[in-house]
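Engineer: What follows is a predicted structure for the sequence shown.
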There are 2 protein chains.
Amino acid sequence: MTNIKEIAARAGVSPSTVSRVLNGNGYVSEDKKRRVLAASEELDYAPNLNAVSLKRGATRRIGLVAPMFDESVQRFTGGFVRAAQAGGYSVTLFITGMDRVREREALEALRHKQVDALALVIFANDLSLIESYAKYGPIVAWQRVVAEHIPSVFMNQYDGYMLGLEHLYSRGYRRICNVYGSTSRLNTVSRMDAYRDFCAAHGLDEHELEHFYEISTIEDGERIARLWTESPRRPDAFIAANDYSAAGLVAEARRLGLSVPGDFAVCGFDNLEFARLLDLTTIHYPVDLQAGNAFAIIRGRIEDIELPLRPLQFHLVQRATT
Amino acid sequence: MTNIKEIAARAGVSPSTVSRVLNGNGYVSEDKKRRVLAASEELDYAPNLNAVSLKRGATRRIGLVAPMFDESVQRFTGGFVRAAQAGGYSVTLFITGMDRVREREALEALRHKQVDALALVIFANDLSLIESYAKYGPIVAWQRVVAEHIPSVFMNQYDGYMLGLEHLYSRGYRRICNVYGSTSRLNTVSRMDAYRDFCAAHGLDEHELEHFYEISTIEDGERIARLWTESPRRPDAFIAANDYSAAGLVAEARRLGLSVPGDFAVCGFDNLEFARLLDLTTIHYPVDLQAGNAFAIIRGRIEDIELPLRPLQFHLVQRATT
DNA sequence: TTAATCTATGGCATCGATTTCAGGTCAAGC
DNA sequence: GCTTGACCTGAAATCGATGCCATAGATTAA
């Protein structure tokens, strides 16, 4: 492959001069500039980025770490990659399957200078382990975390969840059942807080119904729909932690011949693509902008500048299930 | 950051010996081996992969180029990344949005040795341009292409489509309307071939109905459902190029109060996640294994070995829409 | 006893770029 | 006439690792 030295030889200058021309810094006479450019054109030159990265001590590459690749992650990834590309960075993907060892390999990639920074979608290892890698480069999280060196781009789920709850209330539902996700996540805690405050504000008994925890898949949702039919104290509405479980609920209910929202209403969360297909009421938020913010934070730290973050808002998408 | 030289100093050996120990080649006495290992432990050493890549002339990194992220691409990406990680490679993502310039940047990344190889999901540039980059490293395509230096991992869509057609026939449908995707793709051509042969085999008139072309989105599908109601020559079944359009068809039909499959049957293609939610009959094929094959081809070329490819099969998933 | 082979180690060139340093020319300013 | 500073250039060090080559002692074979 052709390198800077060959260009130098062909143009009759030193490698330093070639570098100066190609990077546009320092003084170079017009004449030599032209000759270098011509030579690099003729030789079909492309700088070896490994050498550049080595010398500069930076790769302009960011690692994106996700447990798997579902639609939410995909959206985040899409937004992140687009923002990064626009900023002249590329993105290397690490899929961990929530496996700690795999995840650790991604962290090691940062230590090995394979990437300049990491964006963690959701992580499996202890926060303290993650934090111990922060000295090798910026790390931001999507999931909400409380850690000094790990900023996160979470949105206040309290607000979004409250939006859903108030919507259900306004449509006349009073026996609202919560279908929570993983209780170890702060997001879930925020949602539980929202529900408590919601009940207090409207004089509802928050313990009247049994709620569900650790729910995340379509299958989980389907199971809940089946349980409903034999439940002694039936809720008249469900609010779910994500659209997967909500969709499972709606789809299974329809299969069972139940009417949604006649028998019970369902409100999802995330506004995934299939929500529209099922006419599922759900809560939307701009994942791609959030990913853009994640990138902005990272870039800000790498280049030591202050970049503005886009303010993000939840937004209720009302469809036929409420 | 600590490097090989510092370890050498601390262990009282030369950098060459350190390299030998860490890479496990050449002769090193047990004593020095121990000292090097201890020193590298104490200094929390991590090799700088940029230097390694520069020296070795290979990065063990593969670029994955996709126009955007729908669920199919997402599946392919997931399968590819997992296979690559298992093989000790990492994957850098390029999202092109079908923009030729962006796509070209991905090709350039290969030329600049940022990646060792490229996997193209779907590409926008001329095949000849893509081919001109093959000299910089292996390039495989997902989309079916005919090019000497660009192998692809396409499956014969003819078989899959025929599976759907025969299924519809066996369920008694005779007025089958094709909802084709982009006619510039060879996949679509194969499907058109299948339909012709299918008609010939069953003595059907392939020109009796009007078919649809360039259909790909949910909205397209919804539009087709609405057209059906006012169509003079109504088909009794639709077979779609992908689940998006099929889902749009089904969802809109249900909204219009039509019965599926009472008024018309629908068979999709791809078996995306939401197909189950809509109880959509569709054609499944193992995208993740296909992605694994793509990686196997790439790896085989990089390491100059012969890797076995998994045989792939279509598979009809019958649900409630046929 | 001598030649051949194995084991062990360090020196140094190398991968391909960037950047500092030092040296040089030339014109403007005092 | 001398200083100052802008302009221009190449040599060489550097980033961090790898691996060839030379050397040399210890064995083994002839």
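Structural biologist: Right, received. Where do you want to start? Residues are numbered from 1 along each chain as shown, chains lettered A, B, ... in the order given.
Engineer: From B:Thr2, how far out is the closest residue to A:Val179 other than its chain neighbours?
Structural biologist: Nearest non-adjacent residue to A:Val179, counting by Cβ to Cβ, 6 or more residues apart in numbering or on different chains: A:Ala240, 4.2 Å away. In short, each C-beta sits where N, CA and C put it, glycine included. According to Cβ to Cβ, to the nearest Å, A:Ala240 stands 49 Å off from B:Thr2.
Engineer: before we move on, the earlier item: tally of neighbours for the residue nearest to A:Val179?
Structural biologist: A:Ala240 is flanked by 32 other residues according to other Cβ atoms under 10 Å in any protein chain shown.
Engineer: so how far is A:Leu43 from the residue of the stretch 1-150 of chain A found nearest DNA strand C?
Structural biologist: As assessed by Cβ to the nearest atom of the strand, DNA strand C sits closest to A:Asn3 within the stretch 1-150 of chain A, at 2.7 Å. Counting by Cβ to Cβ, the gap from A:Asn3 to A:Leu43 is 9 Å.
Engineer: Return the set of residues that bridge with A:Ile62.
Structural biologist: A:Val91, A:Ala117 (DSSP bridges).
Engineer: so what's the residue in the stretch 201-322 of chain A that DNA strand D sits nearest to up against?
Structural biologist: Closest to DNA strand D within the stretch 201-322 of chain A is A:Ile302: 17.1 Å, counting by Cβ to the nearest atom of the strand. Taking Cβ atoms under 8 Å, 6 or more residues apart in numbering or on different chains, we find A:Ile302 in contact with A:Ala58, A:Asp116, A:Ala117, A:Gly137, A:Pro138.
Engineer: Now flag whichever of those is closest to A:Gly12.
Structural biologist: Nearest to A:Gly12 out of those is A:Ala58 (Cβ to Cβ; 32.1 Å).
Engineer: so the closest one makes contact with A:Asp116?
Structural biologist: Yes. Counting by Cβ atoms under 8 Å, A:Asp116 is a contact partner of A:Ala58 at 5.3 Å.
Engineer: Name the residue in the two with the higher neighbour count.
Structural biologist: Shown here are A:Ala58 and A:Asp116; by other Cβ under 10 Å, A:Asp116 has more neighbours (22 against 17).
Engineer: what helix or strand is the residue of the stretch 201-322 of chain A closest to DNA strand D on?
Structural biologist: A:Ile302 belongs to helix A:287-303 when assigned by DSSP states H and E.
Engineer: can you list the residues of the stretch 101-250 of chain A near chain B?
Structural biologist: A:Arg102, A:Glu105, A:Glu108, A:Ala109, A:Arg111, A:His112, A:Lys113, A:Gln114, A:Ile218, A:Ala247, A:Gly248, A:Val250 (Cβ under 8 Å from any Cβ of the partner chain).
Engineer: Let me know whether the last one touches A:Leu258 as I believe.
Structural biologist: No. Under the contact definition of Cβ under 8 Å, A:Val250 does not touch A:Leu258, with a separation of 9.5 Å.
Engineer: what's the domain layout of chain A?
Structural biologist: A:4-47, A:59-154+A:288-312, A:157-284 (automatic domain parsing).
Engineer: Which among the ones you listed is found nearest to B:Ser231?
Structural biologist: B:Ser231 lies closest to domain A:157-284 among those, at 22.7 Å (Cβ to Cβ).
Engineer: The host helix or strand of A:Val81 relative to helix A:287-303, how many degrees between them?
Structural biologist: Element membership for A:Val81 (DSSP H and E) is helix A:71-86. Taking axes from the mean of the first three to the mean of the last three Cα atoms, to 10 degrees, one finds helix A:71-86 and helix A:287-303 inclined to each other by 40 degrees.
Engineer: what helices or strands is helix A:71-86 leaning on?
Structural biologist: Here helix A:71-86 touches strand A:61-66, strand A:90-95, helix A:287-303, helix B:71-86, strand B:90-95, going by 3 or more Cβ pairs under 8 Å, 6 or more residues apart in numbering or on different chains; DSSP states H and E.
Engineer: now it, how far from the centre of its chain.
Structural biologist: 8 Å (Cα atoms, centre = their mean, to the nearest Å).
Engineer: before we move on, what about stretch A:124-137?
Structural biologist: Offset of stretch A:124-137 from its chain centre (Cα atoms, centre = their mean): 18 Å.
Engineer: got the CA positions of it in CSV?
Structural biologist: Taking C-alpha atoms only, stretch A:124-137 is exported to CSV below (Å, rounded to 0.1, in the frame of the first residue of the first chain):
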residue,chain,number,x,y,z
ALA,A,124,-24.9,-6.3,33.8
ASN,A,125,-21.8,-5.7,35.9
ASP,A,126,-21.7,-3.8,39.2
LEU,A,127,-21.6,-0.1,38.8
SER,A,128,-18.4,0.0,40.7
LEU,A,129,-16.7,-2.1,38.1
ILE,A,130,-18.0,0.1,35.3
GLU,A,131,-16.8,3.1,37.2
SER,A,132,-13.3,1.7,37.6
TYR,A,133,-13.0,1.9,33.8
ALA,A,134,-13.9,5.6,33.7
LYS,A,135,-10.3,6.5,34.0
TYR,A,136,-9.6,5.1,30.6
GLY,A,137,-12.1,7.3,28.8
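Engineer: Distance across stretch A:7-16, terminal residue to terminal residue?
Structural biologist: 11 Å (Cα to Cα, to the nearest Å).
Engineer: per-residue confidence averaged over it?
Structural biologist: Per-residue pLDDT over stretch A:7-16 has a mean of 94.
Engineer: so, in contact with DNA strand C or not, it?
Structural biologist: Yes. Residues of stretch A:7-16 contacting DNA strand C under Cβ under 7 Å from any atom of the strand: A:Pro15, A:Ser16.
Engineer: Tell me which helix or strand comes right after the helix or strand containing A:Arg35.
Structural biologist: Taking DSSP H and E as the criterion, A:Arg35 maps to helix A:30-42. Sequence-wise, the next helix or strand downstream of helix A:30-42 (DSSP H and E) is helix A:49-56.
Engineer: what packs against that next one?
Structural biologist: So helix A:49-56, by 3+ Cβ pairs under 8 Å, 6+ apart, packs with helix B:49-56.
Engineer: Quickly check: the helix it packs on near DNA strand D or not.
Structural biologist: Yes. Legend: contact between helix B:49-56 and DNA strand D by Cβ under 7 Å from any atom of the strand is shown at B:Ala51, B:Val52, B:Leu54, B:Lys55, B:Arg56.
Engineer: quick one, that helix and strand B:61-66 angle?
Structural biologist: Using the same axes, to 10 degrees: helix B:49-56 against strand B:61-66 is 100 degrees.
Engineer: ok so, going back, which parts of the helix holding A:Val81 count as buried, going by neighbours?
Structural biologist: Buried residues in helix A:71-86, counted by 16 or more other Cβ atoms under 10 Å in any protein chain shown: A:71-85.
Engineer: so A:Arg75 sits right up against A:Pro286, yeah?
Structural biologist: No. Using Cβ under 8 Å, A:Arg75 is not in contact with A:Pro286, being 9.4 Å away.
Engineer: still on that earlier bit, okay, the helices and strands packed on helix A:71-86 in CSV with mean pLDDT and distance to B:Leu312 next?
Structural biologist: As requested, the helices and strands packed on helix A:71-86 are arranged in CSV below (pLDDT from 0 to 100; distance: least, Cβ to Cβ, whole Å):
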stretch, mean pLDDT, distance to B:Leu312
strand A:61-66, 96, 26
strand A:90-95, 95, 21
helix A:287-303, 96, 32
helix B:71-86, 93, 12
strand B:90-95, 95, 21
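Engineer: If anything else comes up later, I'll come back, but that's it for now.
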